[in-house]
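> I need the structure of the sequence given here:
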Amino acid sequence: MTHVSLLYHEGREGDHSESETESLEQQVVGFLGSKGISVDRSDIEACHTLPTRTKGATPVIIIRFTNRKNQISILKQGRKLKGTEVYINEHLTRRNGHSAKFGSYSLMNLESNTIMDIQLVQSNEVGGSYHMEKEGLKRCLDHLEANRFKADYIVTDRHPQIQKYLRERNITQFYDVWHFEKGLSKKLEKASHKEDILKKWLQSIKNHAYWCATSSTTGPEKVAKWTSLLNHLENVYDHEDPLFPKCLHPERASRDPNKWLQPGSVALHKAEKLLLNKRVLKDVAKLSHHHQTSSLESFHSLILRFAPKNVFFPFMGMLCRLYLASMHHNENASRVQATTSAGQAVYKVVYPKAKMGEGVVKPVKTDPTFNYVHDLMRLLMEVFEDPTSFDEEMKTPHPSRPFGRKYTHSEG
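Residues are numbered from 1 along each chain as shown. Down below sits the predicted model:
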């Protein structure tokens, strides 16, 4: 379903009877119509207010439309409400998955673990939230090229728009293994509901995806190692592909012969259908053997500390918070592992949600520093003392160069 939030209501919030809901729909349709925004009540599937925590606060009206086309049409007409005290926005829920008001795109140098550029895109700039990711990447790459940087390759997820766009710009693209493994794992878990024997192999299949990527240098080699997995599930270690004719691990007599998938079995058929799918093989060939995007995912988690998703920020406020997050990350990107007074490395056990409660040992880093705050305060005082020398910078909200301090320019 598609949801829109409307900050406008003069009645009480909370649960509504059927007659109150109809009255609320009439108020919304009537008000929007008076502003030149046409809404048909038959396009509204549900309409209600959200409870407020503060007494007397203006509640938000949630409107659920019957299809996304109607929702996008309303969002595009939101500018007609300018000058009123009513704001219209795409509603953030777990079902929707993300807030589509803004989209930020970060470009990280995976060798130095630093943010090179970050762009903020507003959905109404590009005709909808679906196009924000491509526009963010375009602006990042244009910004780097304007500063004489050239990307040798880029590691991303498997977003179709991004794939096509990078092909058009003749930029080599690799896929992050975690995103590939995550998508495939969901399909394998669904297929293994009635096949317990296949469920036992799920973790090994995930590990094999990482090994294929990190132990190979070419696409055909990755594919050869990946396709050998089906033979391995049948307890066969010799393969037809000359690029990987035999498994590298030592052969051992199995203590449990029932763990292997039997030829002609339903479990083997399901595994073959998923693992040897044409699109899967095409994606395996492009798995990154250089770097993964785990550092970038950590940066995205850091952004939430500066810009929580449950708080609305205006465009400039959001942009400033993204810049602060980038400066904090870059300053602390090279923190070393903490040690005890005896010089021993410190570790901790964490239980990430993605691991379904499974513990993971991670090194503990030294405490972060905040020197960038002092630099900003010093710059602020310089602006106060002589604002005229910063006139040009004040006119340009976007930075004139990437965030990192030390980069090597390409000639040309």
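
> Correct me if wrong: residue 49 contacts residue 24.
Yes: Residue 49 lies in contact with residue 24 (CB atoms under 8 Å); the separation is 7.3 Å. C-beta here means a position set from N, CA and C on the backbone, and glycine is covered the same way.

> Could you list which residues are in contact with residue 312?
With contacts defined as CB atoms under 8 Å, 6 or more residues apart in numbering, the neighbours of residue 312 are 89, 101.

> next one: residue 72
residue 128.

> which element is it on?
Taking DSSP states H and E as the definition, residue 72 sits inside helix 68-76.

> Enumerate the positions of that helix that are buried.
For helix 68-76, the neighbour count (16 or more other CB atoms under 10 Å) marks 70, 71, 72, 74, 75 as buried.

> How about stretch 279-286?
Here stretch 279-286 shows 280, 283, 284, 285, 286 as buried, counting by 16+ other CB under 10 Å.

> pLDDT on that stretch, on average?
What stretch 279-286 shows for mean pLDDT is 95.

> what do you get for stretch 217-232?
Here the average pLDDT along stretch 217-232 is 94.

> where does the protein have low pLDDT?
Scanning the chain for pLDDT under 70 picks out 1-22, 52-58, 87, 90-100, 354, 356, 394-412.

> Next, the residue of it positioned farthest from its centre: secondary structure please.
Distance from the centre of the chain peaks at residue 253, with 43.4 Å (CA atoms, centre = their mean). Recorded secondary structure, residue 253: coil (DSSP: H, G, I helix; E, B strand; the rest coil).

> Residue 237 and residue 319, how far apart?
Residue 237 is 55 Å from residue 319, where distance means CB to CB, to the nearest Å.

> Would you mind telling me which of the two has the busier surroundings?
More crowded of residue 237 and residue 319, by other CB atoms under 10 Å: residue 319, with 19 against 15.

> The closest residue to the more buried one other than its chain neighbours: which element?
Spatially, and ignoring its direct neighbours in sequence, residue 319 is nearest to residue 120 (4.9 Å; CB to CB, 6 or more residues apart in numbering). Under the criterion of DSSP H and E, residue 120 resides in strand 114-122.

> Kindly report the same for residue 323.
helix 315-331.

> Any buried residues in the very next helix or strand once past that helix, and which?
As assigned by DSSP H and E, the chain's next helix or strand after helix 315-331 is strand 347-350. Within strand 347-350, no residue qualifies as buried by neighbour count (16+ other CB under 10 Å).

> Then stretch 187-202?
Result for stretch 187-202 [16+ other CB under 10 Å]: buried residues 188, 191, 192, 195, 197, 198, 201.

> Tell me which two of these sit farthest apart.
188 and 197 (12.4 Å; CB to CB).

> how far does stretch 338-354 sit from the chain's center?
27 Å (CA atoms, centre = their mean, to the nearest Å).

> typo on my end, it should be stretch 27-35
When distances are taken as CA atoms, centre = their mean, stretch 27-35 is centred 36 Å away from the chain's centroid.

> Kindly report the same for stretch 298-311.
Worked out by CA atoms, centre = their mean, stretch 298-311 lies 12 Å from the chain centre.

> What does residue 372 show for phi and psi?
Torsion angles at residue 372 (phi, psi; degrees, to the nearest 10) stand at phi -60, psi -30.
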